[in-house]
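Novice: Need a 3D model of the following:
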Amino acid sequence: MRLDLQQVRSFHNAGFIAISQPVIDRRNLAKVRDIYDRMFESRAGRAEGNQFDLAGTDEDDRPAALSQILYPHRYYPEIRGDYVETIHDIAQQLLGPAVTTEIFHAILKPAGIGAPTPWHQDEAYWEPDRQYRSISIWMPLQEVTVDNGCLWFNDGSHEWDVLEHRSIGGDPRVHGLELVDSSVIRDAVPCPLPPGGVTIHRNRTCHYAGPNTTGESRRALVLSASLPDRPYVGTRQFRWNDGKDTRRAQRAAEAGRTDQTGAPKPEAVD
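Specialist: So this is what the prediction gives:
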């Protein structure tokens, strides 16, 4: 899939782009969707802290309002497909030939109870002593609309610094983050998509997804494409990540895992 000059310029000027042309055919989309559903039914990765409720306190006996699985291909390798190569090619067109691409995570917004994903910047989850050059590629496995939680982006926000964040609702038991002051959002653009279309955004682009008020779960698979990060010039702190007390982190510690920051750790796609 080749992007035209207008698409590339729009991405670099706005910090995001929506591509309605599917990156995966119907047969493979149905296969990926079936694997996706089985993956969430089995709660793949939960023992290691890689499956958790992004928007809630993540109790075992409470339905997740926004369930997430990091690195789903580690648990269900068959979820990979030709679409990864297509997305990698798109990422190279936007970031250059040195980019590496991987399936980063999957997010399930359940029918009727799926919580909104508050306005945030992805980089707010990561390590403050690094300078990142990355994009997230968000692919829905069914049509996404305003009613079931399509993504919204704030035009031009990729040029902002990382803004002040906090745990959702100010609760340190919740892994997810939100902007402390969402009044800065003034140029919000909704991006509904057909199944297999994609949105692509930069690591500092502010984005949001509304609740799922429909009778069907909203399924999305997210890939990360990155250039090598570099040391951050200067000093900064992401205080909102200090003092977290999440069940996810507890499970990760019990499993002996240390890569639970949420920062992308790409595995190269040739």
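
Novice: For the stretch 151-270 of the chain, which segments count as helices?
Specialist: Secondary structure of the stretch 151-270 of the chain (DSSP state H, counting those that start in this stretch): helices located at 247-254.

Novice: longest strand anywhere in this protein?
Specialist: If you go by DSSP state E, the chain has its longest strand at strand 218-231.

Novice: tell me the average confidence for that one?
Specialist: The pLDDT scores in strand 218-231 average 97.

Novice: Direction included, what does that strand pair against?
Specialist: Each strand paired with strand 218-231, and its direction, by DSSP bridges: strand 100-109 (antiparallel), strand 130-140 (antiparallel).

Novice: how far out from the middle of the chain is the shortest one?
Specialist: In other words, strand 100-109. Centroid displacement of strand 100-109 relative to its chain, using C-alpha atoms, centre = their mean, to the nearest Å, is 6 Å.

Novice: Buried residues, that strand. List them.
Specialist: Neighbour counts using 16 or more other C-beta atoms under 10 Å place 100-109 of strand 100-109 among the buried residues. Every residue, glycine included, has its C-beta placed from N, CA and C.

Novice: Can I get it in PDB? Just the C-alpha atoms.
Specialist: In PDB, the C-alpha atoms belonging to strand 100-109 read as follows (Å, rounded to 0.1, in the frame of the first residue of the first chain):
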ATOM      1  CA  THR A 100      11.000  -1.700  13.400                       C
ATOM      2  CA  THR A 101       7.400  -2.800  13.800                       C
ATOM      3  CA  GLU A 102       5.600  -5.200  16.100                       C
ATOM      4  CA  ILE A 103       2.200  -6.100  17.400                       C
ATOM      5  CA  PHE A 104       2.100  -4.100  20.600                       C
ATOM      6  CA  HIS A 105      -1.200  -4.700  22.200                       C
ATOM      7  CA  ALA A 106      -4.900  -5.500  21.800                       C
ATOM      8  CA  ILE A 107      -7.800  -3.500  23.400                       C
ATOM      9  CA  LEU A 108     -11.300  -4.800  23.900                       C
ATOM     10  CA  LYS A 109     -14.100  -2.400  24.700                       C
END
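
Novice: pLDDT on it, on average?
Specialist: Strand 100-109 shows a mean pLDDT of 96.

Novice: which among the buried residues of strand 100-109 gets closest to residue 161?
Specialist: Nearest to residue 161 out of those is residue 104 (C-beta to C-beta; 23.1 Å).
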